[in-house]
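Structure for this input, please:
(one chain, ligands or ions: 1)
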Amino acid sequence: MTAALKHSLADLEAPASLLSDQPQTRTRIAVAYGDGIGPEIMAATLSILDLAGADLGYDTIEIGEKVYERGVSAGIEPESWDTLRANKVFLKAPITTPQGGGFKSLNVTTRKTLGLYANVRPCVAYTPFVASKHPGMDVVIVRENEEDTYGGIEHRQTSEVTQCLKLISRPGCEKIVRYAFEYARSTGRKRVSCFTKDNIMKATDGLFHQVFDEIAPEYPEIEHDHWIIDIGAAMLADQPERFDVIVTPNLYGDIISDIAAQIAGSVGLCGTSNIGEDCAMFEAIHGSAPDIAGQDVANPSGLILAAVQMLVHLGKPDVAERIHNALLATIEDGIHTPDLYDPDVSQLKVGTAEFADAVIDRLDLKPRQLKAVQYHTAPEPAEVKVLSRKVPPSKPFKQLVGVDVFLDWDEPRRDPQRLAARLKYVSQSSGLELQMITNRGVKVWPSGFPETFCTDHWRCRFVPRQAHEKFEQDVSTTPKQLILLLTHLDNHGLDVIKTENLYTFDGKPGYSLGQGQ
Ligand code: NAD
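Have a look, this model is predicted:
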């Protein structure tokens, strides 16, 4: 029997009491075998962990397809959260998400439920043993994991228009930016680059960039720079050697981490960690590969490298180093699973379990050509707590200075002049005055261009009459005045679909101007 098969599928069916029947001194982790190739690559990975001396105990939970099919829309049974929260560290194999609606993404749920705010993905080229467009590439993407448009707060507001809220918080930015610098410091990396789109999204991405600029000077030994995401992503794809660690909000991070893995040539070899203040989850980046499941051909390297990250996180850098170097030596010796097999460089085509055995055989070896890793010299695993920073020094003075009223208005000509005339008439006794109308963010009144395409979704900005007359930004209004305005609008049959209050903070507008304003 191969070593990898010692962790057989029987583990999956064993009662929880048996699974927990291991010495309590061991560090215990939660493990899920997942779907498709998951059980095979997990068995291979756990066998390597055991024989490398990781000294871990495993509490197995069931996740994925079978759980979804039992009608649990989250793909994880409620009691499994207790196991995850008790163990704090979760090694997860990929799962199959059933086709059709009604199923929630288990990854998104796990990240948000356990507060796993940092997604860390090292993307490394293994040339000449694995083809890569960028030999020598070695970039780590640190992606914010909880905020941005991934809150999933979406609404259909009119026949034609839907919206998705992009939420970025100061504590969220502080945690991820600090994590990126701590990670760079603990792994001996030299530069952290921030990617945002703050030339367009000045409030949300602007906050991310601002927090990056505030925190960077606390790490003087690490260089830092900022890139607008579009040119940054282009540079990453073309000249990845310019980058070392990249920190970026959720959506951009999702996209560039796949680009980075792809151009490194290491999609099948990439492991990733999701780190929170209390808990952490480690997995391969690929899916459950149902097309090759059960054939003992899957490459377990992604999950093995995720387990390496987990060992560093658990404070077992010596074991992490043994396994990682053994994996590199195996790849270098040309022992390849079918996905990597290339007659020009490979020596032996092996299955999943045999590949694990080859890694185990090399646990005391280092690669000769690929760069050997060193974890045992790292001071400590990156650890981040949000500090109660004194920036800004105190809570800013917040003042209500107006309201954006969003209307579903679909008169045949969609003429902003007609809408403005009606709104001015309707609002005249509310104390608030119409200041501008935009359509999908573009100003269409008081002046605009007939070429601007208008949907049925109108943002109408109202400010106190005095502010409007004197062109002042800081004249306050009251919630009662806003309610009065909404009452007038409703009485005249205008369809208010939502409102956004306009605030200044210490006199500075906390809202964007209309494009063209
Ligand atoms: P996939 O990554 O599973 O497979 C894409 C291709 O890569 C397939 O040809 C597959 O055979 C191959 N492949 C993937 N991993 C491999 C490995 N370790 N060794 C050798 N070949 C490998 O992507 P997909 O086909 O789009 O998705 C399949 C299922 O996985 C879907 O249900 C999807 O929702 C799910 N998925 C899960 C996760 C996760 O659990 N984290 C991530 C992505 C996709």
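
and the residue of the chain most remote from its centre, helix, strand or coil?
Distance from the C-alpha centroid of the chain, by C-alpha atoms, centre = their mean, peaks at Ser429 (47.7 Å). At Ser429 the chain is in coil, as set by DSSP: H, G, I helix; E, B strand; the rest coil.

Which phi and psi values does it adopt?
Here the main-chain torsion angles of Ser429 (degrees, to the nearest 10) amount to phi -100, psi 20.

if I read this right, it contacts His488, doesn't it?
Yes. Applying C-beta atoms under 8 Å, one finds Ser429 in contact with His488, separated by 7.1 Å. Heads up, the C-betas are built off the backbone N, CA and C, glycines and all.

distance of Thr96 from the ligand?
Distance, Thr96 to the ligand, using C-beta to the nearest ligand atom, to the nearest Å: 4 Å.

Please confirm that that residue is located within a helix.
No. Assessed with three-state DSSP, Thr96 is coil; it does not lie in a helix.

need the contact list for it.
35-36, 64-65, 287-288, 290 (C-beta atoms under 8 Å, 6 or more residues apart in numbering).

what residues does the stretch 301-450 of the chain put near the ligand?
Residues of the stretch 301-450 of the chain lying near the ligand by C-beta under 6 Å from any ligand atom: 302, 339.

tell me the secondary structure for the nearest residue to Asn87 once chain neighbours are set aside?
Excluding the flanking residues, the one nearest Asn87 by C-beta to C-beta, 6 or more residues apart in numbering is Ala30, at 4.2 Å. Three-state assignment for Ala30 (three-state DSSP): strand.

and what of the one 5 residues further on?
Taking three-state DSSP as the rule, one finds Asp35 in the coil state.

What strand or helix carries the residue nearest to Thr196 when sequence neighbours are not counted?
Leaving out its chain neighbours, the residue that sits closest to Thr196 by C-beta to C-beta, 6+ apart is Asp205, at 3.9 Å. Under the criterion of DSSP states H and E, Asp205 resides in helix 204-215.

packing partners for that helix?
Judged by 3 or more C-beta pairs under 8 Å, 6 or more residues apart in numbering; DSSP states H and E, the packing partners of helix 204-215 are helix 170-186, strand 191-196, strand 223-228.

Distance from the chain centre to the second one, please.
Looking back up the chat, that one is strand 191-196. 15 Å (C-alpha atoms, centre = their mean, to the nearest Å).

Please save the CA atoms from that strand in PDB.
What follows is strand 191-196, C-alpha atoms only, in PDB (Å, rounded to 0.1, in the frame of the first residue of the first chain):
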ATOM      1  CA  ARG A 191       8.500  45.600  -1.700                       C
ATOM      2  CA  VAL A 192       4.800  46.000  -1.300                       C
ATOM      3  CA  SER A 193       2.800  47.400  -4.200                       C
ATOM      4  CA  CYS A 194      -0.800  48.700  -3.800                       C
ATOM      5  CA  PHE A 195      -3.200  48.400  -6.700                       C
ATOM      6  CA  THR A 196      -6.400  50.500  -6.700                       C
END
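
Hmm, Pro249 and Phe208 touching each other?
Yes. With contacts counted by C-beta under 8 Å, Phe208 reaches Pro249, the gap being 5.7 Å.

list residues touching both of the two?
Here Phe208 and Pro249 have 144, 168, 196 as joint contacts, going by C-beta under 8 Å, 6+ apart.

Buried residues of the helix holding Asp205, list them for me.
204-212, 215 (16 or more other C-beta atoms under 10 Å).

Close to the ligand: what parts of the protein are there?
Going by C-beta under 6 Å from any ligand atom, the residues of the chain near the ligand are 37, 94-97, 107, 268, 283, 286-292, 298-299, 302, 339.

one step back: what's the closest of the buried residues of helix 204-215 to Ala234?
Comparing the buried residues of helix 204-215 against Ala234 with C-beta to C-beta places Asp205 closest, at 17.5 Å.

tell me the contacts of that closest one?
Going by C-beta under 8 Å, 6+ apart, Asp205 touches 168, 196-198, 249.

can you tell me which of those lies nearest to Leu327?
Of all the contacts of Asp205, Pro249 has the smallest distance to Leu327: 31.6 Å, by C-beta to C-beta.

just checking, Ala320 touches Ala306?
No. Taking contacts as C-beta under 8 Å, Ala320 lies outside contact range of Ala306: 11.1 Å.

which one is the residue sitting nearest the centre point of the chain nearest to, not counting chain neighbours?
In the chain, the residue lying closest to the centroid (C-alpha atoms, centre = their mean) is Asn145, at 3.2 Å. Leaving aside its sequence neighbours, Asn145 sits nearest to Asn119 (C-beta to C-beta, 6+ apart; 4.6 Å).

cool, Thr97 as well?
The spatially closest residue to Thr97, leaving aside those adjacent along the chain, is Phe103, at 6.0 Å (C-beta to C-beta, 6+ apart).

Surely that neighbour touches Gly75?
Yes. Between Phe103 and Gly75 there is a contact under C-beta under 8 Å: 6.7 Å.

list residues touching both of the two?
68, 97.

what about the one residue in the chain that gets nearest to the ligand, which SS state?
Using C-beta to the nearest ligand atom, the closest approach of the chain to the ligand is made by Gly287 at 2.5 Å. Under three-state DSSP, Gly287 falls in the coil class.

now it: how far from Leu167?
28 Å (C-beta to C-beta, to the nearest Å).

residue ranges with poor pLDDT in this structure?
For the chain, residues meeting the criterion pLDDT under 70 lie at 1-24, 377-393, 468-473, 515-516.
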